[in-house]
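Chemist: Show me how the following folds:
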Amino acid sequence: MKTHPPERTYDLRTINLPSLAGTKLRLAVELLDSPLRRFLLPRLLREAGITWLRSQVFADPPTFAPRHWGGPAQAGAMAVPQNEWPESSAESGTGFHFASVHDYARAYQENITSPEDVANRVLQAITASNEASPPLRAVIAVNRDDVLRQAEGATKRIRAGVALGIFDGVPVGVKDEVDMVPFPTTAGTAFLGRQQATTDATVVARLRSAGALLIGKTNMHEIGIGVTGLNPIHGTPRNPYAIDRHTGGSSSGSAAAVAAGLCPVAIAADGGGSIRIPAALCGVVGLKPTYGRISEHGAVPLCWSVAHIGPIAASVADTALG
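Modeler: Predicted structure coming up:
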């Protein structure tokens, strides 16, 4: 005879804890930091149900990451063939539109400009944007010599007919949550990133191997915990469309850099909206990919269970390329 496991029920009892704010909360914290902690803490844990939870035994092992029912998303995944990459977005009308990845690649191929010319213009634009009143603060760390060295290599490859791909020489910003040589990774704080990164994060290494012109580190909401882009350490970035408005966060600098035209694509990260919110507020496109689809190796583990590295770009086509 087939048996069924006992039905599980949830204990929805109201937690019997006091509601504290202001002076009462301050006093409670001081008491918990005092010798009285040994008497107060056990009762708080018991009333909050923590003591009961610690005594439970669960037959099922804990799950530390979402399960990929369709098979591993990263290991052994095939890259999209180049002939299946999206074409340049169709532009309607004669008004303003962003320069796309395809526009850069075409301009290089037709010798209209070069990665070296673009690098110099980008460096000038970043400096001008940060010296404006008020400053844009989209890009917070730049190594001029490194950018020019990358651009020189890309120019030589393109002129020799051996470009590494469509991204060769195309400017790309990288959120300051992701390791990129030769910069420290501060995650928007004053206490992280004391040393320079010695290796690139996987996503940065892949872009570098494709010849992308990595222009620097983009600003972010301090430690990624916020949706406005506020950062008292590096300065709060401005929305390029309205300098008195927020960019959204936490990938504030990446969205602002793309919206300002400093680069067509920027690397960002999303735990609870950190790609999608700034993309929406800055009028660009952002994608939070499937969990595990893009390697998190080399990113600050701010929210490992829901963290996703992904692109912010000026168009859907560039987002897909990124």
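
Chemist: residues touching residue 228, list them.
Modeler: Each residue near residue 228 by CB atoms under 8 Å, 6 or more residues apart in numbering is listed here: 221, 236, 246-249, 252. No exception for glycine: its C-beta is placed from N, CA and C like everyone else's.

Chemist: Identify the farthest-apart pair in these.
Modeler: Using CB to CB, the contacts of residue 228 span at most 11.5 Å, a distance reached by 236 and 248.

Chemist: Find the residues that touch each one of the two.
Modeler: Applying CB under 8 Å, 6+ apart, one finds that residue 236 and residue 248 are jointly contacted by 228-229.

Chemist: Okay, now the unreliable bits of the protein?
Modeler: For the chain, the stretches with pLDDT under 70 are 1-13, 62-81, 89-95.

Chemist: Domain-wise, how is it divided?
Modeler: Domain assignment for the chain by automatic domain parsing gives 22-52, 99-321.

Chemist: Would you report the backbone torsion angles of residue 259?
Modeler: phi -60, psi -30 (degrees, to the nearest 10).

Chemist: Where do the helices of the stretch 51-200 of the chain begin and end?
Modeler: For the stretch 51-200 of the chain, the helices defined by DSSP state H, counting those that start in this stretch cover 101-109, 115-131, 144-159.

Chemist: okay if I get the ones you listed as CSV plus mean neighbour count and distance to residue 203?
Modeler: Below are the helices of the stretch 51-200 of the chain laid out as CSV (neighbours: other CB atoms under 10 Å; distance: least, CB to CB, whole Å):
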stretch, mean neighbour count, distance to residue 203
helix 101-109, 19, 16
helix 115-131, 18, 20
helix 144-159, 17, 17
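
Chemist: for the ones you listed, which one sits closest to residue 188?
Modeler: So among the helices of the stretch 51-200 of the chain, helix 115-131 is nearest, using CB to CB, at 16.1 Å.

Chemist: what about dumping the CA coordinates of the closest one to CSV?
Modeler: Only the C-alpha atoms of helix 115-131 are listed here, as CSV (Å, rounded to 0.1, in the frame of the first residue of the first chain):
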residue,chain,number,x,y,z
PRO,A,115,39.8,53.3,-32.1
GLU,A,116,42.7,55.7,-31.2
ASP,A,117,40.6,58.7,-32.3
VAL,A,118,37.6,57.3,-30.4
ALA,A,119,39.7,56.7,-27.3
ASN,A,120,40.9,60.3,-27.2
ARG,A,121,37.4,61.7,-27.7
VAL,A,122,36.0,59.4,-25.0
LEU,A,123,38.7,60.5,-22.6
GLN,A,124,38.0,64.1,-23.3
ALA,A,125,34.3,63.6,-22.9
ILE,A,126,34.7,61.8,-19.6
THR,A,127,36.9,64.6,-18.3
ALA,A,128,34.5,67.3,-19.5
SER,A,129,31.5,65.4,-18.0
ASN,A,130,33.1,65.2,-14.6
GLU,A,131,34.3,68.8,-14.7
